[in-house]
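**Student:** Coordinates only, no sequence provided:
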C-alpha cells in the first residue's frame, strides 16, 4: 500500500534518486557523465538528450563534465517525480516480483 505525500512516495518507490535532464551536443558525453560521482545510471532519451539517475542533485558536476568533454550544454534541469511516474514504477516493480 502506498501512502504519503508525493515527495515521500518518490523516496519510497524511486529510492530518493534525482533525475537530472541534460540537453547537450558533443561526443562521448554519456560515458563522461557516468563518471560523475553520485550518478547511478545514464539513459539516452533522444538526440542530444540524456537522463541521469543520481543519489543527489549533480547538476553542477554534470555541467562541468559536459564542458570538460568539449560539449555544448543547452539545458540542465531536475525532473520532479509526479504521481504517474511513481505509480508506474511501483506497479512495474510489483509485476516483476510476482513474475519471478
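**Tutor:** Yep, it's here. What you are looking at is a predicted structure, and each value in this text was computed from that prediction instead of being measured.

**Student:** Determine the set of other helices and strands touching the longest helix anywhere in the chain.
**Tutor:** Ranked by number of residues, the top helix in the chain under DSSP state H is helix 83-99. Using 3 or more Cβ pairs under 8 Å, 6 or more residues apart in numbering; DSSP states H and E as the contact test, the elements touching helix 83-99 are helix 6-14. (C-beta placed from N, C-alpha, C; glycine too.)

**Student:** re the thing from before, for the record, mean pLDDT for the longest helix of the chain?
**Tutor:** In this model, helix 83-99 has an average pLDDT of 73.

**Student:** list the buried ones in it?
**Tutor:** 85, 86, 89 (16 or more other Cβ atoms under 10 Å).

**Student:** Same question for stretch 65-78.
**Tutor:** 65, 66, 71, 73, 76.

**Student:** Equivalent analysis for stretch 3-10, please.
**Tutor:** Buried, per 16+ other Cβ under 10 Å, within stretch 3-10: 9, 10.

**Student:** what's the spacing between that stretch and its chain's center?
**Tutor:** Computed by Cα atoms, centre = their mean, to the nearest Å, the chain-centroid distance of stretch 3-10 equals 18 Å.

**Student:** Then stretch 38-46?
**Tutor:** Per Cα atoms, centre = their mean, the centroid offset for stretch 38-46 relative to its chain is 6 Å.

**Student:** All good on my end, thank you.
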